[in-house]
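In: Okay, sequence plus prediction incoming.
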Amino acid sequence: MAYPFADNFLMEITAIIAANLSDWMKTSQTLDTIKKVAARSGAGFGTVRRAKNGAGNTTIQNVVSPARAFGRPTDDLNRT
């Protein structure tokens, strides 16, 4: 069964995380690329890219590292 975007909780969270991570990167002078975020966070380049693009299965572990790289709590990635 297919769900509309607004009714699919996981898709909404993935989109919110992607938007927030993108915004953080736009406003950071030192973490403005996926490569820099991956290097600082210890997460793989592909993991950060998928989180930023809202692709794949974004797990808690996949957002903890990038959030820490920005010195922010993981919950901030889920805020609208």
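Out: Perfect, thanks for sending it. A quick note: this is a predicted structure, and the numbers were derived from the prediction, not measured.
In: Low-confidence stretches in this structure?
Out: 1-11 (pLDDT under 70).
In: longest single helix anywhere in it?
Out: Counting by DSSP state H, the longest helix found in the chain is helix 9-26.
In: from the chain's centre, how far out does that helix sit?
Out: Its chain's average C-alpha position is 5 Å from that of helix 9-26, according to CA atoms, centre = their mean, to the nearest Å.
In: what comes up buried for stretch 37-47?
Out: Val37, Ala38, Arg40, Ser41, Ala43, Thr47 (16 or more other CB atoms under 10 Å). For glycine as for every other residue, the C-beta is placed from the backbone atoms N, C-alpha and C.
In: helix or strand for the last one, which one?
Out: Think Thr47. Using DSSP states H and E, Thr47 maps to helix 45-53.
In: and if you look at the third one?
Out: In this structure, Arg40 is located in helix 34-41 according to DSSP H and E.
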